[in-house]
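>>> coords please:
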Amino acid sequence: MSEHTSAPRTGPVGRRGFLAGAAAVAAAAATPSLAQAATSGTAAASAARPNILLIVTDDQPKHTDWAIQKTIGWIADQGVKFTNGHVSTPLCSPSRSSVFSGRYAHNHGVRNNGASHSLDQHSTVQRYLKQAGYRTGLFGKYLNSWALADNPPHFEEWALLQPAYNNANWNVNGTVQTLTGYTTNIVKNKTLAFLDKATTDTRPWFAYVTPYASHEPNTPAAKYADTVVPAWNGRPSVPEADRSDKPAYIQNATGTLAEAKALRERQLRSLLSVDDAVQAIHDKLAAIGQLDNTLVIYIGDNGYSWADHGWLKKSVPYSPAHEVPFYLSWPAGGLGSGTVDNRVVANIDIAPTILDAAGITPDTPQDGRSLLTGFSRDHLLVEWWKQGTGGTGPKTWASYVAKDKQYTEYYDLHTDATGAVSGTGQVTFREYYDLVSDPYQLQNLLHQATPQQEQALGIPALAAALAADRTA
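Below is the predicted model of the structure:
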């Protein structure tokens with residue numbers, strides 16, 4: 001059984017402190033134990049429980065640091081930067097459902113963007129926090145296919161965005177209305193108003209802040225429409241000269257470097273307003289004296305391919321689609337000095353981390369583990385399902401992702417709009433990449449490999465581990 005499935009998915013998480021000296025953690029500076037800064041158990045006084053600020057951007061790939069320098073300066077440089085941050089499904093609703101629940105998509109059931117109502121709302125971090133006495137707020141995008149008129153469960157206050165960049169429709173505390181202006185700025189202002197109430201409401205709070213940037217059409221604010229971004233001339237995978245070892249949809253992909261440059265430029269410009277919003281939130285927290293005891297987590301809901309292997313979207317098993325920026329800060333918990341953490345971490349770890357910090361023991365299963373402990377996995381399951389049977393895009397796939405290697409299987413499986421799975425499950429294509437010698441995934445070592453070569457690569461053991469991951 002793989003390491004990440006060896007630990008129980010139920011029972012107390014435990015506020016055991018952040019062990020910076022764990023074997024898999026490379027820290028730039030020593031990190032004090034969180035146990036000194038927090039008391040154990042859900043009966044802890046409200047004043048001791050941290051506020052929670054969770055920022056989730058949309059379609060933000062890993063290599064976008066230029067656009068979020070103020071964000072990095074706060075949350076990463078004065079907290080923790082995870083260098084191996086991933087999402088367990090590179091698609092919006094499945095990924096966000098994993099953020100909320102701490103579960104893989106095959107367990108929470110939201111396998112595509114049309115299946116948002118499959119999420120068990122009882123399993124969400126917002127339910128736990130609200131039940132524990134937190135004031136809860138949502139500002140921005142929620143889940144794809146969620147009806148705008150339906151209020152998001154377990155949030156006390158919200159401004160729910162129907163995804164758009166300008167003059168969009170919103171559900172504001174139960175009233176559907178059009179708000180004039182750039183939506184990232186509206187998300188910012190609604191969040192700031194929520195934080196202002198902390199000066200008179202002594203309850204700890206949870207703010208889920210989720211702008212539409214940098215999702216297509218990646219529309220920047222007017223002030224950034226012509227901002228010059230750093231030049232970029234692609235990477236070896238853009239485009240890959242010979243894709244004969246890749247699945248058919250990648251062999252037929254047509255994304256170009258020019259298209260990738262234009263997309264990257266739009267994404268970076270749209271993220272500049274996110275950076276402004278994060279800075280404004282930082283300044284508000286400082287002004288109301290709540291900067292130190294606020295646990296801040298920043299992550300993209302999935303990555304994005306900039307014409308890598310000719311692919312100009314997400315939803316694929318290649319690194320740019322599931323690697324994301326991932327930062328955490330909590331000065332009062334000992335995480336305020338700036339460290340680098342190279343553990344393999346993912347969106348499924350966010351809910352366990354939040355509950356750990358708040359001293360809450362979950363009563364529903366979780367696949368992730370608290371980042372405030374020394375837990376280190378040797379690999380991560382990343383999975384994706386094809387919705388329907390038509391189209392020419394990727395088939396359903398699952399992948400074993402480690403720091404040094406990645407093994408992927410494609411399957412004869414598809415989902416309907418509710419996320420229900422059909423098909424034979426037969427493996428239809430496989431890929432294996434040595435990420436040390438081939439970080440851009442140019443050479444599929446299983447292409448025309450002999451059984452002896454597969455044995456030497458350890459493929460039978462990887463296939464068995466992947467099968468166990470998919471059913472755990």
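>>> residue 56 should be in a helix, yeah?
No - following the definition DSSP: H, G, I helix; E, B strand; the rest coil, residue 56 is strand and is not counted among the residues of a helix.
>>> neighbours around it, how many?
Other residues near residue 56 number 24, with proximity taken as other CB atoms under 10 Å. C-betas here are computed from N, CA, C, even on glycine.
>>> so it makes contact with residue 213?
No - Residue 56 is beyond contact range of residue 213, at 11.2 Å (criterion: CB atoms under 8 Å).
>>> how about the helices in the stretch 1-150 of the chain?
3-6, 69-71, 92-101, 105-108, 125-131 (DSSP state H, counting those that start in this stretch).
>>> out of the ones you listed, which one sits most buried?
Using mean count of other CB atoms under 10 Å, the stretch among the helices of the stretch 1-150 of the chain with the largest mean neighbour count is helix 92-101, at a mean of 28.
>>> pipe the helices of the stretch 1-150 of the chain into JSON lines and attach mean pLDDT and distance to residue 371 per row.
What follows is those, written out as JSON lines (pLDDT from 0 to 100; distance: least, CB to CB, whole Å):
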{"stretch": "helix 3-6", "mean pLDDT": "34", "distance to residue 371": "14"}
{"stretch": "helix 69-71", "mean pLDDT": "98", "distance to residue 371": "18"}
{"stretch": "helix 92-101", "mean pLDDT": "98", "distance to residue 371": "13"}
{"stretch": "helix 105-108", "mean pLDDT": "98", "distance to residue 371": "19"}
{"stretch": "helix 125-131", "mean pLDDT": "98", "distance to residue 371": "14"}
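>>> so which of the ones you listed gets nearest residue 251?
Shortest separation from residue 251 across those is recorded for helix 92-101, at 25.9 Å, computed as CB to CB.
>>> for the closest one, name the packing helices and strands.
For helix 92-101, the contact count by 3 or more CB pairs under 8 Å, 6 or more residues apart in numbering; DSSP states H and E identifies strand 51-57, helix 105-108, helix 125-131, helix 350-358 as packing neighbours.
>>> show me how far that helix is from its chain's centre.
8 Å (CA atoms, centre = their mean, to the nearest Å).
>>> and that helix with strand 51-57, angle?
170 degrees (axes from the mean of the first three to the mean of the last three CA atoms, to 10 degrees).
>>> can you get me a residue count around the closest residue to residue 462 other than its chain neighbours?
Take residue 462 and drop its neighbours on the chain: the residue closest to it by CB to CB, 6 or more residues apart in numbering is residue 407, 4.2 Å away. As a burial measure, the neighbour count of residue 407 was computed by other CB under 10 Å and equals 25.
>>> could you export the helix or strand encompassing residue 407 as CSV, CA atoms only?
Element membership for residue 407 (DSSP states H and E) is strand 405-411. Extracted C-alpha coordinates of strand 405-411, given in CSV (Å, rounded to 0.1, in the frame of the first residue of the first chain):
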residue,chain,number,x,y,z
LYS,A,405,8.9,10.2,-11.4
GLN,A,406,5.4,10.1,-12.8
TYR,A,407,3.4,7.1,-14.0
THR,A,408,0.0,7.6,-15.7
GLU,A,409,-2.7,5.3,-16.9
TYR,A,410,-5.6,6.2,-19.2
TYR,A,411,-8.9,4.3,-19.0
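>>> kindly reformat the helices of the stretch 1-150 of the chain as a markdown table containing distance to residue 444.
Putting these into a markdown table (distance: least, CB to CB, whole Å) gives the following:
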| stretch | distance to residue 444 |
| --- | --- |
| helix 3-6 | 24 |
| helix 69-71 | 36 |
| helix 92-101 | 25 |
| helix 105-108 | 25 |
| helix 125-131 | 38 |
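>>> out of those, nearest to residue 234?
Of all those, it is helix 69-71 that lies closest to residue 234, at 22.9 Å by CB to CB.
>>> doesn't residue 367 belong to a strand?
No - Residue 367: not assigned to a strand; according to three-state DSSP it is coil.
>>> residue 54 versus that one, what's the distance?
For residue 367, the distance to residue 54 (CB to CB, to the nearest Å) stands at 18 Å.
>>> what of residue 311?
Residue 311 sits 29 Å away from residue 54 when distances are taken as CB to CB.
>>> and these two? Which one has more around it.
A side-by-side neighbour count of residue 311 and residue 54, using other CB under 10 Å, places residue 311 first with 29 against 23.
>>> list the contacts of the more buried one.
250, 253, 255, 305, 318 (CB atoms under 8 Å, 6 or more residues apart in numbering).
>>> remind me, longest helix of this protein?
helix 257-287 (DSSP state H).
>>> next structured bit after that one?
For helix 257-287, the following helix or strand on the C-terminal side (DSSP H and E) is strand 294-300.
>>> quick one: that next one to helix 92-101, angle?
Note on geometry: by the same axes, to 10 degrees, strand 294-300 and helix 92-101 are set 160 degrees apart in direction.
>>> tell me what strand 294-300 is packed against?
Using 3+ CB pairs under 8 Å, 6+ apart as the contact criterion, the secondary-structure elements in contact with strand 294-300 are strand 51-57, strand 326-329, helix 350-358.
>>> give me the helices and strands touching the second one, please.
For strand 326-329, the packing partners by 3+ CB pairs under 8 Å, 6+ apart come out as strand 80-86, strand 294-300.
>>> just the mean pLDDT for it, thanks.
Confidence over strand 326-329 (mean pLDDT, whole number) is 98.
>>> list the strands paired with that strand, with their directions.
Using DSSP bridges, the strands paired with strand 326-329 in its sheet are strand 80-86 (antiparallel), strand 294-300 (antiparallel).
>>> can you give me the helices in the stretch 301-450 of the chain?
If you assign secondary structure with DSSP H, counting those that start in this stretch, the helices in the stretch 301-450 of the chain sit at 319-322, 350-358.
>>> turn those helices into a markdown table, including mean neighbour count, mean pLDDT and distance to residue 153.
Converted to a markdown table, the helices of the stretch 301-450 of the chain look like this (neighbours: other CB atoms under 10 Å; pLDDT from 0 to 100; distance: least, CB to CB, whole Å):
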| stretch | mean neighbour count | mean pLDDT | distance to residue 153 |
| --- | --- | --- | --- |
| helix 319-322 | 26 | 98 | 28 |
| helix 350-358 | 26 | 98 | 15 |
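>>> nothing else from me, thank you.
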